[in-house]
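Engineer: Let's see this in three dimensions:
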Amino acid sequence: MFCGMKKLRIGVVGAGANTRLRHIPGLQAIEGVIVEVVCNRSEASSRSVAEAFSIPRIANVWQDVVADPDIDAICIGTWPYLHAPITIAALEAGKHVLTEARMAMNAGEGEAMLEASLNHPELVAQIVPSPFTLKWDATIKRILESGELGELRELSFSKALGMNVDSNAPLNWRQDRKLSGNNTLMLGIYYEVVQRWLGVEPERLLANGAVFTKQRRSGSGKELVDVEVPETIDVLAEYENGMRLSCHMTGVELGSGSDCYVIAGSKGTLRLDLKAGQLMKALLGGKESVVEPAAADVGDWNVEADFVNSIQKGDAIRLTNFEDGLAYMRFTDAAIKSLAEDSAWVSL
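Structural biologist: Okay, here's the model as predicted:
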């Protein structure tokens, strides 16, 4: 276990938007933690981040950060294509790991990451969790455990974005299979929440999706490349107890769009409207009403503090451990496999 008297020195690899918004300031705000070195995609961008956050050093390649004997832990903020190689190398080098979501490019990489973490149980291995429902998670789990909704019949979520509407826009990293792997829109990050609430995986699923703009300019703008990652996707999954999960993710919708979860049971329904910031409950014979979480149940963003506490105090990682990360990677992989097989049912 990490000694509380010693400074915890963090190396940051990949300083994307969330890393700059959350991870670096979050870590720097914790007493005894020093963000010691940063490595971004170029020396210029690394230096820019270092100057913005008063980080003492930069590195030109991520391997130098992992090999640095003065670094205790690695914060990975790259796109998914580097999550597995950096994580595995860092764990083998004796360093704790906090990696940005999604876990990896695919379940195969996720399995390798989990194996590396199990080979080093003395080290903390954490994935940044899906944050959108943290305020209500404990309340929803309590309601589900109470049985007041009756037999669960259907759970659904939908998320509409406009990121893929403009056919003249270049390929973004989320559409680039070489950078994002099988991750599709926000399917994995929204499914992770379902898994968090239910604690079980579906038995099988099928998926249907489409790419409307078949080719886009590459990031460099020099050539047209095929678009492989779906611009819209629907997934239907079935659980052993007969419950269904219905997922709708689209990147081709402008306007206010949908952003919600619905849990329907034989005696009641929960509806979490993320745009309105409200959890609603309707029971048989009653009116729909707002559910306000008890103060003790309100969750919030504690990713960096949880990571440090796990290192210093040995607290178990809940949000999110590698086992749960692998589960949502299996779900995403199965959806991509179903698409490739003309929407065939795929077992998980």
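Engineer: residues contacting residue 257?
Structural biologist: Counting by CB atoms under 8 Å, 6 or more residues apart in numbering, residue 257 makes contact with 159, 160, 161, 162, 275. Heads up, the C-betas are built off the backbone N, CA and C, glycines and all.
Engineer: That one in helix, strand or coil?
Structural biologist: coil (DSSP: H, G, I helix; E, B strand; the rest coil).
Engineer: List the contacts of residue 88.
Structural biologist: 112, 113, 116.
Engineer: can you tell me how far the first one sits from residue 103?
Structural biologist: Distance, residue 112 to residue 103, by CB to CB, to the nearest Å: 11 Å.
Engineer: Look through this structure and report the residue furthest from the middle.
Structural biologist: residue 285 (37.8 Å; CA atoms, centre = their mean).
Engineer: returning to that earlier point: write the ChimeraX selection for whichever of the contacts of residue 257 are buried.
Structural biologist: Buried subset of the contacts of residue 257, written as a ChimeraX selection, criterion 16 or more other CB atoms under 10 Å:
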select :159,160,161
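Engineer: Which strand runs longest in this structure?
Structural biologist: Determined from DSSP state E, the single longest strand within the chain is strand 152-160.
Engineer: Neighbours of the nearest residue to residue 333 once chain neighbours are set aside, how many?
Structural biologist: Beyond its immediate neighbours in the sequence, the residue positioned closest to residue 333 (CB to CB, 6 or more residues apart in numbering) is residue 107, lying 4.5 Å away. Residues lying near residue 107 (other CB atoms under 10 Å) number 23.
Engineer: you'd agree residue 107 is up against residue 328?
Structural biologist: No: using CB atoms under 8 Å, residue 107 makes no contact with residue 328, being 9.3 Å away.
Engineer: Dig out what the residue nearest to residue 153 when sequence neighbours are not counted forms beta bridges with.
Structural biologist: Of all residues not flanking residue 153 in the chain, residue 264 sits nearest, at 5.3 Å (CB to CB, 6+ apart). When bridges are called by DSSP bridges, residue 264 pairs up with residue 154, residue 269.
Engineer: gap between the two ends of stretch 281-299?
Structural biologist: Distance between the two ends of stretch 281-299: 19 Å, counting by CA to CA, to the nearest Å.
Engineer: what does it contact?
Structural biologist: Here stretch 281-299 has contacts from 134-139, 142-143, 148-149, 267-271, 278-280, using CB under 8 Å, 6+ apart.
Engineer: what's around residue 122, how many residues?
Structural biologist: 9.
Engineer: for residue 202, same thing?
Structural biologist: 23.
Engineer: and residue 167, how far is that from residue 332?
Structural biologist: The separation that residue 167 has from residue 332, given CB to CB, amounts to 25 Å.
Engineer: More neighbours: the two, which one.
Structural biologist: Using other CB under 10 Å, the more surrounded residue of residue 167 and residue 332 is residue 332, with 27 against 11.
Engineer: List the buried residues in whichever strand or helix holds the more buried one.
Structural biologist: Assessed by DSSP states H and E, residue 332 sits inside helix 322-340. Neighbour-count burial for helix 322-340, counted by 16+ other CB under 10 Å, picks out 322, 324-339.
Engineer: what separates that helix from the chain centre, distance-wise?
Structural biologist: Taking CA atoms, centre = their mean, to the nearest Å, one finds the center of helix 322-340 at 12 Å from the center of the full chain.
Engineer: Tell me the helices and strands packed up against it.
Structural biologist: helix 107-118, strand 125-127, helix 187-198, strand 204-210, strand 232-238, strand 346-347 (3 or more CB pairs under 8 Å, 6 or more residues apart in numbering; DSSP states H and E).
Engineer: how about that helix as CSV, C-alpha atoms only?
Structural biologist: The C-alpha trace of helix 322-340 is given here as CSV (Å, rounded to 0.1, in the frame of the first residue of the first chain):
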residue,chain,number,x,y,z
PHE,A,322,-11.7,-3.6,-15.0
GLU,A,323,-14.3,-6.4,-14.6
ASP,A,324,-17.2,-4.0,-15.2
GLY,A,325,-15.3,-2.3,-18.0
LEU,A,326,-14.8,-5.7,-19.7
ALA,A,327,-18.5,-6.4,-19.4
TYR,A,328,-19.5,-3.2,-21.3
MET,A,329,-16.8,-4.0,-23.9
ARG,A,330,-18.4,-7.4,-24.4
PHE,A,331,-21.7,-5.7,-25.0
THR,A,332,-20.3,-3.3,-27.5
ASP,A,333,-18.4,-6.0,-29.3
ALA,A,334,-21.6,-8.1,-29.5
ALA,A,335,-23.5,-5.2,-31.1
ILE,A,336,-20.8,-4.8,-33.8
LYS,A,337,-20.8,-8.5,-34.4
SER,A,338,-24.6,-8.5,-34.8
LEU,A,339,-24.4,-5.6,-37.3
ALA,A,340,-21.8,-7.5,-39.3
